Every structure is written in structure tokens, then in C-alpha cells.
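Q: Okay, predicted coordinates and the sequence, questions at the end:
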Amino acid sequence: MKNKFLFILIFFAIISCSKRVTEKIADADTYSILSEKDRATLKDELLEDRLTNLLPELMDKSGIDMWLLISREYNEDPVLKTMLPATWLNARRRTIIVFYRNKEKNTLERLAVARYDIGNSIKSAWNKELEPNQWKALAEIIKARNPDKIGINFSKHFALADGLVKTDYDELRENLSVELSSKLVSAENLAIAWIETRTAKEMALFKQLVKITHDIIDEAFSEKVIIPGKTTTDDIVWFLRQKVTDLGLETWFHPTIDVQRNNVILKSEKESFSKDKEQQTILKGDLLHCDFGISYIGLHTDCQQHAYVLKDDEHKVPEFLADAFQKGNRLQDILTSTMKLGKTGNEILAASLQQAKNEELLPSIYTHPLGTYGHSAGTTIGMWDSQEGVPFNGEYPLQKNTVYAIELNTTVVVKEWNQSIRIMLEEAGFFGDGFFEYVNGRQMAIKPIKIN
């Protein structure tokens, strides 16, 4: 009897597990999430497209005809990491990549001073048996091509363009002639351009990824997940994390869920931006806010939206909250209409804040580049604690074919609650050739959560 009972438990456990696995597979199918093998194929196709059609243009614009990327395993240059094929999760030993652009011949050599080809896109150019010293092999490759400018990744103010470590820099200098060493220059602008520029093929994937982000938020902010008086903010946070894992995706930061409610004084911005948030139990009548993003095939999203838990006698979001939300949308419009090619982040920030204040809004803008990294390379349009402008990073000019997390908030006085609330929004937006558009739309109204 005991063994029979144990068998029944195991049987139902297997059935339950199988059901959960089937549900996860169905979810992945719903979102058209690729298998690992197909992801690898797509990642390599996107990389080849970038190397073939984008990199020559970026090198010409930068004036750098040779670009060196040097990294050792587990200590990779952030730019070099974006050039590794899908089957290379890290650099191997010391990995050296050389790009040589001959503009007159319209050619771009892609060479690896390494024992191996780097996928199908970058071919090995080092025979260790003939020249055991990797640095000398590199020096010979450079000397044979005699470039005008040799770009290396060092930058005082842009971390993602500062990937060349001191040891490798010293070794490089020691193995180059004085003449070749004199041609070494910072590849800061080239590195930023490579990271920030999106191709048409990448944008098709980006649109899908933002839609998945929105769909997951819709599910998190629904009666499927929230039980007022029982569900906590941490419960929703971990629902988001688990959902991402179940779909076979990743997240690049731990999500946050915030609550604003009647008779609770609005927290300072410093407290609001703290990632160490106190857990709260969700109640009917709460205004909810999330900050959530996912990663997939080398791209990242970053999204903030609002929802409202309807009270028993409510059938829609109260007008005073709906009106407050529209002020957040208006601030988005002001910012995105001010984004112009060649303007610096600081110029865009100053003009946007002035226009918003002229319209009697209480704005705060802290928009950042988004794409290859979550907080990516490009111009910075404010920080929540730097509303007067951002030194250096805010002085970089806005470029076309880039994606930004349109991140901002506006504080609104709500007399019905006898207090202020903060409408905090964030959506992925694409700045193209003379136009701006959201990658996959934006939230235009607070989501109502009806609990039956």
C-alpha cells in the first residue's frame, strides 16, 4: 500500500511537471523565441551584416584605417565582446583582432592574430609555428599595411570605449617601432559608433523584443498575478524574473515594482531610484510602477510602465490619475521632438526641460542609449541627479540609427489624494535619419487591473 501511494505521488508529480514544461514551450512559441541553435545562426548573421555593411562606413567617418582590439580570456574589451561569434562565449587566450580599411580599394580586412578563426567572419592570420611571438606577428601585420592611424580602445569618459588594459597597451607599445607607435590614437568615437549604431536587421529583432517586454509587463500587471491584500511587490518582481527564465531569455538588471497610494507621502527621487526597496503588499486603489528589461541575441530593452488596481466600485482608472499620466506622455513628446541630429545630450536636455517648465510641468529627464548594452554608448540626456547637464558624456552629439531609453518623470499634484505623485515612464525609441519613432509603441494610458 505504501509503495502504491508513493507511485501515485510520483505519477502526479510527473504529470504536473510535464504540464509546466508544455506551458513554457507554448509561451516560447507564442513569442517566436528561437531555439539556441537558431539564435546562434541569427546572431552570426547580424554580426556579418554589421562587419560587411556598417563597419567600413564607421571607419571612414572616424578617419581610422586600422582598428586593433586586444583582450584576454575573461577580461574582454566590451567592444570585442560584441564581435565574438555565437559559439565563442569568451575570448580565447589572448585574442587580437585587426581591421584594416583600404578606402581606395574599398576593402576591409578582418584578421585574427590568434590560433583560430573567430567564427566565419574573422580569419586567423597567425602561424605560431613560423612566428611564436604573437606580438611580433601583430607588428608584422601592421608594418606590412602601413596604416595612417591605428585606433586602440582607450577613453577617459566612455567606459565601453576603454577596453584596452594597461598590460596589453604596454606590450603593444614595446613591440611596435617608434614610427608605428606614433600612429596610435584613441578609437573612442569609432568604438561608440560601433556600439550605438543599429542596422535594419537588428531593428526588426528589437521590435519583437520590445513587444515581448510589453507583453510580460501586461501579464505581471493583471489579475493572473495580483491578489490584493496578499500579493507583494517582491512577488511581482520574482514573477518577472521567473517568466524571463521560463521563456529562455535573460534580464540585465533586477526589476523593481513601486507603489503609490492615497495618504502616503511621495518619496524623494533618491529613495525612488534606490534598488533596495522595501517590500509592500498591494491593495486595491494602488498605483503601480515597474522598471523591467530583457536581453536576447545581443540586444537589451528597458521599460517603465504604470498600472492601477481598481477598487470594487470602480470600472476605470480615476480621471485624476489618467490626467496625471497624460502629463508624462506630454513630457515624452517634448523630449523626443527636441532630439535633433548633431545636438548634444546637454543641449537636448536643457531645451526639453525649459519647454516642459514653460508648460508648467515638473520634469526630470534621464535618458540613456540602449541596445548592445542596457546603459549603452552614445550621448547621455540627463541623469536623475544631474539635471543641469552631464559632463563629457552629455557633450557627445546625437547620431542617427540609434536607440534610446526615453526615461523621465514628471511630478503631479493630485488634490484628490492631497499629495503629489510621480509618473515615471521609459520606452525604447529609435532615432533615424531625421525622424524619431518608438520601437514598438509606448504606454498611452494607465493599465486598469480589475479584480473579480
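A: Cool, the structure landed.

Q: Local confidence estimate at K277?
A: Turning to K277, the model gives it a pLDDT of 71.

Q: Verify the stated contact: it with P255.
A: No. Contact criterion Cβ atoms under 8 Å: K277 and P255 do not qualify, at 10.5 Å. Just so you know, the C-beta spots here come from the backbone N, C-alpha and C atoms, and that holds for glycine as well.

Q: For those two, work out which one has more neighbours and name it.
A: P255 (23 against 17; other Cβ atoms under 10 Å).

Q: do you know how far that one is from Q208?
A: Separation of P255 from Q208 (Cβ to Cβ, to the nearest Å) stands at 20 Å.

Q: sec struct for the closest residue to K447 other than its chain neighbours, please.
A: With Cβ to Cβ, 6 or more residues apart in numbering as the criterion, K447 has its nearest non-adjacent residue at 3.9 Å, and that residue is A307. With DSSP: H, G, I helix; E, B strand; the rest coil as the basis, A307 sits in strand.

Q: ok now do A307, which residues does it touch?
A: F221, L287, L288, C290, I446, K447, P448, I449 (Cβ atoms under 8 Å, 6 or more residues apart in numbering).

Q: Apply 6 Å and report the result again.
A: Shown in contact with A307 (Cβ atoms under 6 Å, 6 or more residues apart in numbering): F221, L288, K447, I449.

Q: Quickly note the distance from A322 to A356.
A: Taking Cβ to Cβ as the measure, A322 falls 20 Å from A356.

Q: So if I had to pick from these two, which one is more boxed in?
A: Remark: of A322 and A356, A356 carries more neighbours, 23 against 14, as counted by other Cβ under 10 Å.

Q: can I assume that one sits in a strand?
A: No. Using three-state DSSP, the secondary structure at A356 is helix, not a strand.

Q: Thought I365 was touching it, still the case?
A: No. A356 is not in contact with I365 according to Cβ atoms under 6 Å; the separation is 8.2 Å.

Q: What pLDDT does the model give L9?
A: Looking at L9, its pLDDT stands at 35.

Q: hang on, I meant N106
A: So N106 comes in at 94 (pLDDT).

Q: And for it, the neighbour number?
A: Residues lying near N106 (other Cβ under 10 Å) number 9.

Q: Next: K37.
A: By the criterion of other Cβ under 10 Å, K37 has 9 neighbours.

Q: which SS class is it?
A: Put simply, K37 is helix when judged by three-state DSSP.

Q: OK, contacts around it?
A: With Cβ under 6 Å, 6+ apart, K37 has no contacts at all.

Q: And it, how close does it get to D44?
A: Distance, K37 to D44, using Cβ to Cβ: 11 Å.

Q: buried sites along stretch 201-211?
A: E202, M203, L205, F206, Q208, L209, V210, K211 (16 or more other Cβ atoms under 10 Å).

Q: Please parse this structure into its domains.
A: Following automatic domain parsing, one finds the domains of the chain at 36-195, 198-449.

Q: mind listing the helices for the stretch 101-250 of the chain?
A: With DSSP state H, counting those that start in this stretch as the criterion, the stretch 101-250 of the chain has helices at 134-145, 166-175, 178-181, 188-196, 200-220, 233-246.

Q: and N346, which of those helices is closest to it?
A: Closest approach to N346 among the helices of the stretch 101-250 of the chain (Cβ to Cβ): helix 188-196, 16.3 Å.

Q: Give the other helices and strands that that closest one contacts.
A: helix 55-62 (3 or more Cβ pairs under 6 Å, 6 or more residues apart in numbering; DSSP states H and E).

Q: Just the CA trace of the next helix or strand after the helix it packs on, in PDB.
A: Note on helix 55-62: by DSSP states H and E, the next helix or strand toward the C-terminus is strand 66-72. Below are the C-alpha coordinates for strand 66-72, written out as PDB (Å, rounded to 0.1, in the frame of the first residue of the first chain):
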ATOM      1  CA  MET A  66      43.300  50.300 -38.800                       C
ATOM      2  CA  TRP A  67      41.500  49.300 -35.600                       C
ATOM      3  CA  LEU A  68      43.100  47.000 -33.000                       C
ATOM      4  CA  LEU A  69      41.000  45.100 -30.400                       C
ATOM      5  CA  ILE A  70      43.000  43.100 -27.800                       C
ATOM      6  CA  SER A  71      41.700  41.100 -24.900                       C
ATOM      7  CA  ARG A  72      42.500  38.100 -22.800                       C
END
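
Q: now strand 66-72, how far from the chain's geometric center?
A: Remark: strand 66-72 is offset 24 Å from the chain centroid, using Cα atoms, centre = their mean, to the nearest Å.
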